[in-house]
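Enquirer: Based on what follows, work out the 3D shape:
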Amino acid sequence: MVIIMTIISSKDVRKLSREQRLKRLDDYKKKLFEVKSQLAAGGSIQNPGQIKEYKKAISRILTIMSEEEEKI
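Expert: Below you'll find the predicted structure:
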């Protein structure tokens, strides 16, 4: 049984500066690409749920960034 933990919570994203959010966003996109390319190449990954978690983390960051921009 694999326990999947949240990569980053909304509360943690809100604590980050804009530059830190952009860096995390870039990192998560790269990791998601790597995992997807491993699968596409016919390989297997240790934790298949990590694709979903990377997608959620990317969505959280983008959502909070758009919320912050609306306040301005």
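
Enquirer: So I51, which state does it fall into?
Expert: Of the three states, I51 takes helix under DSSP: H, G, I helix; E, B strand; the rest coil.

Enquirer: element containing the residue nearest to it when sequence neighbours are not counted?
Expert: Sequence neighbours aside, V35 is the residue nearest to I51 in space, at 5.7 Å (criterion: CB to CB, 6 or more residues apart in numbering). To be clear about C-beta, it is placed using only N, CA and C from the backbone, and glycine gets the same treatment. Counting by DSSP states H and E, the element that carries V35 is helix 18-40.

Enquirer: wait, isn't the residue nearest to I51 in contact with I45?
Expert: Yes. Here V35 reaches I45: they are 5.7 Å apart, a contact under CB atoms under 8 Å.

Enquirer: And for the spatially most central residue of the chain, nearest residue in space, chain neighbours not counted?
Expert: By CA atoms, centre = their mean, the mean C-alpha position of the chain lies nearest to A57, the distance being 3.1 Å. Distance criterion CB to CB, 6+ apart; nearest residue to A57, sequence neighbours excluded, is I7 at 4.3 Å.

Enquirer: For that neighbour, grab the count of nearby residues.
Expert: 17 (other CB atoms under 10 Å).

Enquirer: who's in contact with it?
Expert: 28, 53-54, 56-57 (CB atoms under 8 Å, 6 or more residues apart in numbering).

Enquirer: N47 versus that one, what's the distance?
Expert: Counting by CB to CB, to the nearest Å, the gap from I7 to N47 is 12 Å.
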